[in-house]
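1. dropping a prediction and its sequence here:
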Amino acid sequence: MNSLSLMRHGLAIVTAFAMAGTALAQTTLRIGLAEDPDELDPTKARTYVGRIVFASLCDKLFDIDDKLNIVGQLAIGHETAADGRSMTIRLRPGVKFHDGEPFTAEAAKFSIERHLTLQGSFRRAEIAQIDRVEVVDPLTIRLQLKTPFAPLLAQLTDRAGMMVSPKAARALGDKFGTAPVCAGPYRFVERVAQDRIVVERFADYWDKGRVHIDRIIYRPIQDSTVRLANLKSGQLDLLERLLATDAPQVSKDPKLKLATGTELGYQGITMNLANGEKANTPFARDARVRRAFELSLDRDAINQVVFNGINKVNNQWVSPANPYYQAKFPTPKRDVARARALLKEAGVSTPLALDFMVPNNPETRAVAEVMQSMAAEAGFDLKIRVTEFATSLNEAEKGNFQLYMLAWSGRTDPDGNIYSFASCKGPLNYGRYCNAEMDGLLDKARSITSVPERKALYEQVAQRWLTEGSVVYLYHRALLFSHTPRLEGFKVMPDGLIRVTDLKLGR
Amino acid sequence: MLNFLPRRLLQLIPTLFLVSVMIFLLQQLLPGDPALVMAGEEKDPEVIEQIRRQYRLDQPLPMQYLYWMGGVLQGDLGESMRIKQPVASLIADKLPVTLQLATMAMAFALLIGIPAGILSAVKKGTVWDSAANVFALWGLSTPNFWLGILLIFLFSVQLGWLPASGWVSPFEDLGQSLATTVMPAFVLGNAIAAVLMRHTRSAMLQAMSADYVRTARAKGLRERAVVLRHALRNALTPVITLGALEFGTLLSGAVLTEQVFSVPGFGKLIVDAVFNRDYAVVQGVVLVTATVYVLLNLIADVLYVLVNPRLRG
Amino acid sequence: MSLWRQRPAALFGATVLALVVLLSVFAPWVAPYDPLATSWSLVRKAPSLAHWFGTDEVGRDLLSRVIWGGRASLSAGVIAVAIAVCAGVPLGMLAGYAGGWFDMVVGRLTDAMLAVPFLILAIALAAFLGPSLGNAMIAIGITATPIFVRLARGQVLAARNEDWVEAARAVGNPPGRILLRHIFPNILPPVMVQATLAIASAIIAEASLSFLGLGQQPPAPSWGSMLNTAQRFLTQAPWMAIFPGLAIFLTVLAFNLFGDGLRDALDPKR
């Protein structure tokens, strides 16, 4: 064979491979989100949907599994010192960032310091107890803490533990969110605001054996009916936050799959105890009146009427499946007679009018309306005031409410669900509940790591909080996802975020 | 003939100034603190203060206005607080979408409105008149979000013929692009069809009873020829200018339609920005669309004079 | 009367309108149930003999809510337009008659207001005033004012040069009297026509604002907010979306047809 024919053969083979390569269609997973995320910068991000996108872009030091256990992701082990004031973290070797930079202890130190010091960082409050980060060796860092902080590990399973490429972060600075470079299974391709976020498989991912889908497109579609319509008509493969009222028809539909779980957060009513003028009511002053209010509600009926019974009714800030749940304080059943008796005992003349601020969202509105008619039977006149989200934040700050329907998205560590709400200086303590002993209990509970000890402390917290606190918990919302049967391997995780490893998309 | 032009161009300045003040005030006076909205669940008081300072939210209103207008006059429309993208770039992203939607909606409107108007005028007083009337009016009478939802339900969910939302660039995939825009364009076009129909009808009626038409009829030309040649030509002039104006309205965003169909155009951009208190985006986009609208108005008036033979003298 | 026969559409419009107005006015007597009465056992029931339009997501009778909702929507439309007319017409008349810098200022203001998309302005105003039916009326009324300013001004400008106005001026009538006694009655017909059509748009605007959560607050019924809720139940309880939407459609259509008929009837050229 002369060189010319060899070349021709070679060309034919190469062409054949190239054509075979393009003939293998790229798999694309299209995910429908309920909102458009904010900045895609782990240090500055603030939204829940942003965290869903980060699950494919940015790996973290640790992650949670479906049983809420903490497992290593970019870290392979950790040790906390006996006095709780330092944590040594061993990092995974052979990890690369999307731009090819190696993941080392220096990069980890850089990322954590960025979370602590960048202007506009919302992570700082989450890991404020970290005093400094030391590099022990190229694959080990040590966090020195100001005080022992048990929730630290849990914080590192979320955005505070996300690692960013120092080279890209230095280059882009404030604009890192426009083209994030992390170490997750997918790399950022493009974003069109309110339309789509496109990410594609990262060839050098440390766990690439578990990544089977080539591209993911996140599409924000606010209207849940339209989102579901998109799934049904084949424009989407997976969607989050399916409406509870759509769940029955999806489960009956052979062309769709329903996946459910229970959230880490909750839906509750915040009561104004000491925030401004509107707290000048017997409702705010007398815990019996508040108990009467709670007793007038039938949580199960609310759940049934508005959500077809799919949510998890509860009276505490962690769900019954959580190790920190206090079985000693079961959810009270509705008792109108007792409610009336309590009101009489407290010397309150009925009907007692209460300003009820409700965010503008069809489900919360329905819940508010049901509550209104329930509470009326016990002698409460709930004046529902539907408020736009942005306005409601302001109103809550200023205390311009007596009841406020507020949901919380939930954190892995129980401290994340109670500290900001019940401590005197808690930023989310809109009711302005303040009790020094409570603060002491909460501070102690977040400084020790032993689960049984913490649980005992939280029992004392619950004893107080559930009788005289400023939040009435209603239920934990069901995490509802729906997807095409072609998608295999999808599991609902407790934090509701879509994990993209182990997903397979068939024809 | 066009001596009104310089005066009108000068009038643009105070008008646009007033628009800028109006939209600035409306945004800033909205209850709610953008810094708080931006923070969402992450309530770190220090960071919130820092955000306020960064976006000058702690300064007195007149100062904030001057900063903003100063930037605008230098070509900087500011940036979205929420996703840090410059407003100008957001507009560039959304413009093709809204433009495509507007063009298709106008096509629908012209296809439905003008024939209905002609039919209604020619067959005035008969059942055709009423039928054409109702047919064109139903678009104006139906809340477009309701119509949109029903269309999605029918064509996307039940029949699966059309995608329920989104937008694909016509340069990427023409078929899919048309498929995503046909329903929202139809919903939008319906409303304008009614306006076009009414104007075509009254313009036709006026033209049909005009002297020159009666002369033509007297000369013995067939009814059809009379109508089509003389009346139509004259009737179309106000319709043309109206079309230009409605185009301007369309361009400003079919707010609800885009919301229902999740079309990433101007309307959706503005509404989301209002609810998120993303001031710069609302102010920037409204200013730009208002400028376009006012310019289109002017063009429409110029067209009217140019096309209408009687005003040319 | 022969005019009605010539335009059966307008007759249809007037009839439907009369029906809607009657139902709204006599709502307390006509509605079969209390529109606010919830019932857990009757959630999302299909139309039946007991509930002609079915029930909504918390068990309230839909027919009663549609009838009562008519009150909210109709009053929103009428009051909003009344605001626009009472503010816009005098302003437009003065601007047209006085001319000069006053006319210029008014002109630029209306241009500016018309340059901003109507719904955006209404949303911003309603958000600013606070979500309620009353504030929605004010917001819509304000955004509709420029149309009437322009209309009144245009009519006054056209009439100002008419012979009879010249004559009245020559005789020595003060401008106020001319405006009120001579010009005003002549601009009334087009204003009435525009007002009728504006009510139609105002009703849709109120529905849109309520749909976005800025209008009538729950649990009080309004067609727009009922559509907002109904969106989620489209496949399971389509009657929740069909009937309020139909009500809006018929009412607005009736106003439009009636307005058209009015315009034909009042046009001196016919």
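-> Cool, the structure landed.
2. can you show me the strands along the stretch 201-350 of chain A?
-> A:215-220, A:238-239, A:257-262, A:266-271, A:312-313 (DSSP state E, counting those that start in this stretch).
3. you'd agree A:Leu382 is in a strand?
-> Yes. Judged by DSSP: H, G, I helix; E, B strand; the rest coil, A:Leu382 forms part of a strand.
4. what's across from it in the sheet?
-> A:Leu354 (DSSP bridges).
5. need the strands of the stretch 201-350 of chain A in a markdown table (columns: mean pLDDT and mean neighbour count).
-> (C-beta placed from N, C-alpha, C; glycine too.) Shown next, in a markdown table, are the strands of the stretch 201-350 of chain A (pLDDT from 0 to 100; neighbours: other Cβ atoms under 10 Å in any protein chain shown):
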| stretch | mean pLDDT | mean neighbour count |
| --- | --- | --- |
| strand A:215-220 | 94 | 22 |
| strand A:238-239 | 96 | 23 |
| strand A:257-262 | 94 | 18 |
| strand A:266-271 | 95 | 23 |
| strand A:312-313 | 94 | 18 |
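6. pLDDT weak spots in the chain?
-> No chain in the question, so chain A it is. Residue ranges of chain A with pLDDT under 70: A:1-24.
7. sorry, I should have been clearer: chain C.
-> Looking at chain C by pLDDT under 70, you get C:1-7, C:178-179, C:267-270.
8. those residues of it touching chain A, which are they?
-> Contact residues (Cβ under 8 Å from any Cβ of the partner chain) of chain C with chain A: C:38, C:40, C:43, C:57-59, C:127, C:131, C:213-214, C:217-219, C:228-229, C:231-236.
9. apply 6 Å and report the result again.
-> Where chain C comes near chain A, counting by Cβ under 6 Å from any Cβ of the partner chain, the residues are C:38, C:40, C:43, C:57-58, C:213, C:217-219, C:229, C:231-232, C:234-235.
10. ok, so of the residues you listed, who is nearest A:Pro148?
-> C:Gly213 (45.6 Å; Cβ to Cβ).
11. about what we covered before: the residues of chain C next to chain A: which two are farthest apart?
-> Largest separation among these by Cβ to Cβ: C:Gln217 and C:Thr235, giving 26.9 Å.
12. if you skip the residues just before and after it, what's nearest to A:Ile418?
-> Beyond its immediate neighbours in the sequence, the residue positioned closest to A:Ile418 (Cβ to Cβ, 6 or more residues apart in numbering or on different chains) is A:Trp317, lying 5.2 Å away.
13. equivalent analysis for C:Lys45, please.
-> C:Thr55 (4.6 Å).
14. so which residue is dead centre in the chain?
-> Going with chain A. By Cα atoms, centre = their mean, chain A has its centre lying nearest to A:Ser409, at 4.7 Å.
15. can you look at chain B instead?
-> Centre-nearest of chain B using Cα atoms, centre = their mean is B:Leu250, 1.4 Å out.
16. work out for me the element it sits within.
-> helix B:232-251 (DSSP states H and E).
17. write out the residues of the stretch 201-313 of chain B neighbouring chain C.
-> Going by Cβ under 6 Å from any Cβ, the residues of the stretch 201-313 of chain B near chain C are B:252-253, B:255-256, B:270, B:274, B:286, B:290, B:293-294.
18. can you give me the buried ones in the top helix by length along chain C?
-> Using DSSP state H to define each element, chain C has its longest helix at helix C:62-98. The neighbour-count check on helix C:62-98 (16 or more other Cβ atoms under 10 Å in any protein chain shown) flags C:62-74, C:76-81, C:83-85, C:87-89, C:91-97 as buried.
19. need the next SSE after that helix, C-terminal direction.
-> Next along from helix C:62-98, by DSSP H and E: helix C:100-115.
20. near chain B, anything from that next one?
-> Yes. Where contact is defined by Cβ under 6 Å from any Cβ, part of helix C:100-115 touches chain B, namely C:108, C:111-112, C:115.
21. who wins on neighbours among these?
-> In terms of neighbours by other Cβ atoms under 10 Å in any protein chain shown, the residues of helix C:100-115 next to chain B top out with C:Ala115 at 29 neighbours.
22. what about the closest residue to it other than its chain neighbours, how many neighbours?
-> Nearest non-adjacent residue to C:Ala115, counting by Cβ to Cβ, 6+ apart: B:Ala290, 3.8 Å away. Residues within reach of B:Ala290, counting by other Cβ under 10 Å, total 27.
23. give me every residue that touches B:Ala290.
-> Taking Cβ atoms under 6 Å, 6 or more residues apart in numbering or on different chains, we find B:Ala290 in contact with B:19, C:115-116.
24. how about those in TSV, adding distance to B:Leu101?
-> Formatted as TSV, the contacts of B:Ala290 follow (distance: Cβ to Cβ, whole Å):
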residue	distance to B:Leu101
B:Val19	23
C:Ala115	20
C:Val116	19
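25. mind listing the helices for the stretch 1-150 of chain A?
-> A:3-23, A:48-57, A:105-117 (DSSP state H, counting those that start in this stretch).
26. ok, the stretch 151-300 of chain B next?
-> B:174-208, B:211-218, B:223-226, B:232-251, B:255-261, B:266-275, B:279-307.
27. quick one: which of those helices is nearest B:Leu73?
-> helix B:279-307 (11.2 Å).
28. buried sites along the closest one?
-> Neighbour-count burial for helix B:279-307 flags B:279-291, B:293-294, B:296-298, B:300-302, B:304, B:307 (criterion: 16+ other Cβ under 10 Å).
29. list the contacts for the residue of the stretch 201-313 of chain B found nearest chain A?
-> Residue nearest to chain A within the stretch 201-313 of chain B: B:Pro264 (4.0 Å; Cβ to the nearest Cβ). B:Pro264 sits next to A:194-195, B:97, B:167 when contact means Cβ under 6 Å, 6+ apart.
30. kindly recompute the last result at 7 Å.
-> B:Pro264 is in contact with A:192, A:194-195, B:94, B:97, B:167, counting by Cβ atoms under 7 Å, 6 or more residues apart in numbering or on different chains.
31. dump these to TSV, plus neighbour count, distance to C:Ala10 and secondary structure.
-> Listed next are the contacts of B:Pro264 as TSV, based on neighbours: other Cβ atoms under 10 Å in any protein chain shown; distance: Cβ to Cβ, whole Å; DSSP: H, G, I helix; E, B strand; the rest coil:
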residue	neighbour count	distance to C:Ala10	secondary structure
A:Val192	16	48	strand
A:Gln194	25	43	coil
A:Asp195	24	45	coil
B:Lys94	26	41	helix
B:Val97	25	39	helix
B:Trp167	26	40	coil
